[in-house]
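Colleague: Got a predicted model here, sequence first, then my questions.
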Protein chains: 2
Amino acid sequence: MSDFTMILEADRRLGPVVRRTPLLSSPFLDEIAGKRVLVKAECLQHTGSFKFRGGYSAVSALDPEIRSRGVLAYSSGNHAQGVARAAQMHGVPAVIIMPSDAPALKIANTRAMGAEVVLYDRAGESREEIGNTLARDRGLTLIKPYDEPQVIAGQGTCGLEIAAQAIEEGVRDADVLVCCGGGGLSSGIALALEADAPGLRVRTCEPEGFDDTARSLASGSRQSNAAATGSICDAILTPSPGEITFPILKRLAGPGLAVSDAECRRAMALAFLRLKIVVEPGGAAALAAALFRPDQIPGDTVIAVATGGNVDPALFADVLANDL
Amino acid sequence: MSDFTMILEADRRLGPVVRRTPLLSSPFLDEIAGKRVLVKAECLQHTGSFKFRGGYSAVSALDPEIRSRGVLAYSSGNHAQGVARAAQMHGVPAVIIMPSDAPALKIANTRAMGAEVVLYDRAGESREEIGNTLARDRGLTLIKPYDEPQVIAGQGTCGLEIAAQAIEEGVRDADVLVCCGGGGLSSGIALALEADAPGLRVRTCEPEGFDDTARSLASGSRQSNAAATGSICDAILTPSPGEITFPILKRLAGPGLAVSDAECRRAMALAFLRLKIVVEPGGAAALAAALFRPDQIPGDTVIAVATGGNVDPALFADVLANDL
């Protein structure tokens, strides 16, 4: 359902508003990896993660009449902020359904972007029921976080930039490591690279124990994780690859990589020290793989996407104190 | 001695190697300032500060025969790293003279960039004597940190980017706040803007108590600071404006702004939270002025240069714990 033409159309809509994030590097990181490491700093995107691309793509693709009634998202994290900001920029209402135990800062941030936050009790209430009722009563359109063609197309615009920037850097063949939850970003980038830079290949990066995509790619069918929580990489702990994203990944990406929480922390610390960027745990998985799994990565250059920077300041301070 | 043509020539030499740093923004920062705040993230430059521009400009401008003998710099900070990296990229020797009590990490970083580090005792030795002897014996060329036309021209390339990026953002009239030590960056940017974006005006930003440039601009002649140390903004504690830089600033820049250490710390914390960049104390002075001195800044948009990100991890962690 998603294809390269949709990515080009999303890119045209995003063009005036998206931030073309830089490709960063450091000789110190190259030395650790034993190869050239290029880091696509998507943590510098609006709202602090690539999710703005997909959110804006989806909101901007709606029929204006339907859009004007508003949009709805379930999320306590980066997708919520991406959708809220996109709705704000379009001047339409956004309702974000968040668990009542979400961090106060995230709730405040989402409200500050003009969204209405509806809280639900994780234990006793169904967010889908609440969402369905709201959507029906108000005519809101649900924006899913990854299994939605316009979201995948929006994330794919990051791949267009990677293709162009790789050429500027003289890179024609390399693995492109992408932190992976449901697979929206990795499948979007894979579609863009297939058309624009066929020498670049997407490889998903996940936390150890939550490598559903890596196992799915290896087995050829969608696998699930045994647990739902238990890694600091909260942004990418999705139970299994998406229905729409997985066939794209199966055709174009892999093998998947997995890294430890300790390696993600170390990658966060090194991104602070050597690149001067703030990366959240799940957003550092690809850089961790680039730095600490070089034996699993062919070639003399690797591209890693730093997908987000929305990290709790106390956790970040702890990483600086203990992982440098 | 420095002029716009030199900046264009420096830009041609730097073109293939310099990082075009992004102009970042956040609605949360706009709300604090009560106006639109655009942040030129020069902390993302090679070596973590704008100093790479000037160092590379100066090294690349040397006659190849003279350059091959090597370059020399006095610095324990960002200028040393900029010169060392520029020399490394040209394949020529760099000697950096640093105080023996400089942080071990800075010494190690400078060595890791291929430079020879010569340590001296601040109390008992003269770095100039050591430098002069080395320069004479080995034929090294001294690269001064700011009172050097090719260094000013290199820093001016940052101004070319600001001019172009401001136009992309639809900004024609704004103050451009620049963290200021000796004035190399602010004078270079001022020359570039004079030619490329005459509606943009440079204003220097310094720590309170070390506002030699602001007082010099107010009085019309070069003033000095009473103290040499006593602010966390170590990178910009220069005794007085440069001989070459001040006449440029006097003609094109000001009035100067001054901010407190507490405001710089708060700006560092907000840059972490809202922009996902790492900024050092002296590199945050311009953002601090943009956020906390809006009454001294006319217009509805301000541009602040975040000049560097080479901050001690323990200090950064302390800022996250106490200034958010």
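Modeller: Arrived safely, thanks for sending. Because the structure is predicted, anything quoted here is derived from the model rather than measured.

Colleague: Past the longest helix seen in chain A, which element shows up next along the chain?
Modeller: Determined from DSSP state H, the single longest helix within chain A is helix A:149-168. Once helix A:149-168 ends, the next helix or strand along the chain (criterion: DSSP states H and E) is strand A:174-179.

Colleague: Hey, what's the angle from that following strand to helix A:149-168? Just curious.
Modeller: Going by axes from the mean of the first three to the mean of the last three C-alpha atoms, to 10 degrees, strand A:174-179 is angled at 140 degrees with respect to helix A:149-168.

Colleague: can you tell me the residue of the stretch 151-300 of chain A closest to chain B?
Modeller: A:K276 (3.4 Å; C-beta to the nearest C-beta). (C-beta placed from N, C-alpha, C; glycine too.)

Colleague: Quick one: residues contacting that residue.
Modeller: Taking C-beta atoms under 8 Å, 6 or more residues apart in numbering or on different chains, we find A:K276 in contact with B:C43, B:L44, B:G48, B:I277, B:V278, B:V279, B:G309.

Colleague: quick revisit: roughly how far out does the longest helix of chain A sit from the chain middle?
Modeller: Relative to the mean C-alpha coordinate of its chain, helix A:149-168 is positioned 12 Å out (C-alpha atoms, centre = their mean, to the nearest Å).

Colleague: now stretch A:50-58
Modeller: With C-alpha atoms, centre = their mean, you get 10 Å for stretch A:50-58.

Colleague: residue ranges for the helices of the stretch 1-150 of chain A, please.
Modeller: Secondary structure of the stretch 1-150 of chain A (DSSP state H, counting those that start in this stretch): helices at A:4-14, A:27-33, A:51-61, A:64-67, A:78-90, A:104-112, A:127-138, A:149-168.

Colleague: Next, format the ones you listed as a markdown table and append mean pLDDT, mean neighbour count and distance to chain B.
Modeller: Below are these laid out as a markdown table (pLDDT from 0 to 100; neighbours: other C-beta atoms under 10 Å in any protein chain shown; distance: least, C-beta to the nearest C-beta, whole Å):
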| stretch | mean pLDDT | mean neighbour count | distance to chain B |
| --- | --- | --- | --- |
| helix A:4-14 | 98 | 19 | 15 |
| helix A:27-33 | 97 | 17 | 7 |
| helix A:51-61 | 98 | 29 | 12 |
| helix A:64-67 | 98 | 12 | 20 |
| helix A:78-90 | 96 | 26 | 8 |
| helix A:104-112 | 86 | 16 | 7 |
| helix A:127-138 | 91 | 14 | 25 |
| helix A:149-168 | 98 | 25 | 10 |
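
Colleague: Figure out which of these is closest to B:F52.
Modeller: Closest to B:F52 of those, according to C-beta to C-beta: helix A:27-33, at 12.3 Å.

Colleague: and the residue lying closest to A:P281 once chain neighbours are set aside, what does it touch?
Modeller: The shortest distance from A:P281 to any residue other than its chain neighbours is 4.2 Å, reached at A:I232 (C-beta to C-beta, 6 or more residues apart in numbering or on different chains). Contacts for A:I232 (C-beta under 8 Å, 6+ apart) come out as A:P207, A:D261, A:C264, A:R265, A:P281, A:G282, A:L315.

Colleague: cool, and A:I162?
Modeller: A:L23, A:K40, A:V176, A:I189, A:A192, A:L193, A:A197, A:L200, A:I303, A:V305.

Colleague: how much space between it and B:L270?
Modeller: 29 Å (C-beta to C-beta, to the nearest Å).

Colleague: same deal with A:V37?
Modeller: For A:V37, the distance to B:L270 - C-beta to C-beta - is 29 Å.

Colleague: which other helices and strands contact the least confident helix or strand in chain A by mean pLDDT?
Modeller: When each helix and strand of chain A is scored by mean pLDDT, DSSP states H and E, helix A:104-112 comes last, with a mean of 86. With contacts defined as 3 or more C-beta pairs under 8 Å, 6 or more residues apart in numbering or on different chains; DSSP states H and E, helix A:104-112 has these neighbours: helix A:78-90, strand A:94-99, strand A:116-120, helix B:27-33.

Colleague: ok, 7 Å please
Modeller: In terms of contacts (3 or more C-beta pairs under 7 Å, 6 or more residues apart in numbering or on different chains; DSSP states H and E), helix A:104-112 is packed against helix A:78-90, strand A:116-120.

Colleague: gap between A:V178 and B:A304?
Modeller: 32 Å.

Colleague: ok, residues contacting stretch A:10-22?
Modeller: A:40-42, A:44-46, A:53, A:56-57, A:60, A:89, A:150, A:153-154, A:156-157, A:160-161, B:19, B:22, B:44 (C-beta atoms under 7 Å, 6 or more residues apart in numbering or on different chains).

Colleague: May I have it exported as CSV, CA atoms only?
Modeller: C-alpha atoms of stretch A:10-22 as CSV (Å, rounded to 0.1, in the frame of the first residue of the first chain):
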residue,chain,number,x,y,z
ALA,A,10,4.8,13.2,1.4
ASP,A,11,8.1,14.9,0.8
ARG,A,12,6.4,17.6,-1.2
ARG,A,13,3.9,18.3,1.6
LEU,A,14,6.6,18.2,4.3
GLY,A,15,9.2,20.2,2.3
PRO,A,16,8.4,23.7,3.7
VAL,A,17,8.1,22.5,7.3
VAL,A,18,10.4,19.5,7.9
ARG,A,19,13.9,19.9,9.2
ARG,A,20,16.5,18.4,6.9
THR,A,21,18.5,16.8,9.8
PRO,A,22,22.3,16.7,9.4
